[in-house]
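> test case, fold it:
(2 chains)
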Amino acid sequence: DVKVTQSSRYLVKRTGEKVFLECVQDMDHENMFWYRQDPGLGLRLIYFSYDVKMKEKGDIPEGYSVSREKKERFSLILESASTNQTSMYLCASSFGGTGSYEQYFGPGTRLTVT
Amino acid sequence: GDSVTQMEGPVTLSEEAFLTINCTYTATGYPSLFWYVQYPGEGLQLLLKATKADDKGSNKGFEATYRKETTSFHLEKGSVQVSDSAVYFCALSDLGTSGTYKYIFGTGTRLKVLA
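Predicted structure coming up:
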């Protein structure tokens, strides 16, 4: 079974703190993704990576950065957390090459910024 | 650009009722289409998919057919159960201008099934 794990299920941080969210997959997938999920807005792509050290901005990259130093690990960094970044963050991975492969999701991290 | 539109919820049904959740899309290329389901407290998981026109995806009694002429991928189930209560997301993947594939999700439809 494919497994995508995220470092925390719940996280509470203060405004201005630097926040790291980590994601690990065990299926040798080329692609990895970070989304945020907000009520009424569905899933919005923050960043994705199609190979080690390669990344592309998604629809809402402002205020975020990412790191992929190893194939199985993809980190999302909030450089200076703000209250409008309170959200559910979902990591996903998939095989690359074509768009016909489905994504596998982690359980999510609910981040609250106070 | 590409987009996915699905019916707003919540949808409330009695057990054994017929379910339809509408999904339409716009795409510049020839997308693959997906339905994902999210149970409370969990991430999304694939329910079914279709990669070319007239393909029917099916799983756990759910079905959806890729209709290119109407740009639709409606989800159906003949008899829902309480355990089907969840949020359902329609999604597509399509080749983007940068040469990598983009994945676009709808806003989700919450389904509540009453015993």
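
> chain B against chain A: which residues are in contact?
B:31-32, B:34, B:36, B:41-46, B:49, B:51, B:89, B:93-95, B:98, B:100-103, B:105-108 (CB under 8 Å from any CB of the partner chain). All C-beta spots, glycine's among them, are computed from the backbone N, C-alpha and C.

> and those residues, which are buried?
Among these, the ones that count as buried by 16 or more other CB atoms under 10 Å in any protein chain shown are B:31-32, B:34, B:36, B:43-44, B:46, B:49, B:51, B:89, B:93-95, B:101-103, B:105-108.

> sitting in helices, which of these do you find?
If you go by DSSP state H, these have nothing in helices.

> bridged to the closest residue in space to residue B:89 that isn't next to it in sequence, which residues?
Of all residues not flanking residue B:89 in the chain, residue B:36 sits nearest, at 4.5 Å (CB to CB, 6 or more residues apart in numbering or on different chains). Taking DSSP bridges as the rule, residue B:36 bridges to residue B:46, residue B:89.

> for residue B:36, give me the pLDDT.
If you check residue B:36, the pLDDT there is 98.

> roughly how far does it sit from residue B:88?
Computed as CB to CB, to the nearest Å, the residue B:36 to residue B:88 distance reads 7 Å.

> need the overlap of contacts for those two.
Residues within reach of residue B:36 and of residue B:88 at once, by CB atoms under 8 Å, 6 or more residues apart in numbering or on different chains, are residue B:47.

> show me where chain B has strands.
Along chain B, counting by DSSP state E, strands occupy B:3-6, B:11-14, B:19-21, B:23-26, B:32-38, B:44-50, B:56-59, B:62-65, B:75-77, B:86-95, B:101-105, B:109-114.

> can I get these in CSV including distance to residue A:62?
What follows is those, written out as CSV (distance: least, CB to CB, whole Å):
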stretch, distance to residue A:62
strand B:3-6, 21
strand B:11-14, 34
strand B:19-21, 32
strand B:23-26, 25
strand B:32-38, 26
strand B:44-50, 24
strand B:56-59, 35
strand B:62-65, 34
strand B:75-77, 33
strand B:86-95, 23
strand B:101-105, 18
strand B:109-114, 28
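
> going by mean pLDDT, which of those strands comes out lowest?
When I compare those, strand B:101-105 is least confident, with a mean of 88.

> so what strands line up beside that one?
strand B:86-95 (antiparallel).

> put the alpha carbons of the partner strand into CSV.
C-alpha atoms of strand B:86-95 as CSV (Å, rounded to 0.1, in the frame of the first residue of the first chain):
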residue,chain,number,x,y,z
ALA,B,86,-18.2,12.0,2.9
VAL,B,87,-17.0,14.8,0.7
TYR,B,88,-16.6,14.0,-3.0
PHE,B,89,-14.2,15.9,-5.3
CYS,B,90,-14.1,15.9,-9.0
ALA,B,91,-10.7,16.5,-10.6
LEU,B,92,-8.8,16.6,-13.8
SER,B,93,-5.2,16.4,-14.9
ASP,B,94,-4.1,18.2,-18.1
LEU,B,95,-0.8,19.1,-19.7
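
> and the angle from that strand to strand B:32-38?
Relative orientation of strand B:86-95 and strand B:32-38, computed by axes from the mean of the first three to the mean of the last three CA atoms, to 10 degrees: 150 degrees.

> got the angle for strand B:86-95 vs strand B:109-114?
For strand B:86-95 against strand B:109-114, the angle by the same axes, to 10 degrees is 150 degrees.

> tell me how far strand B:86-95 is from the chain's mean position?
Centroid separation for strand B:86-95 versus its chain: 6 Å, with CA atoms, centre = their mean, to the nearest Å.
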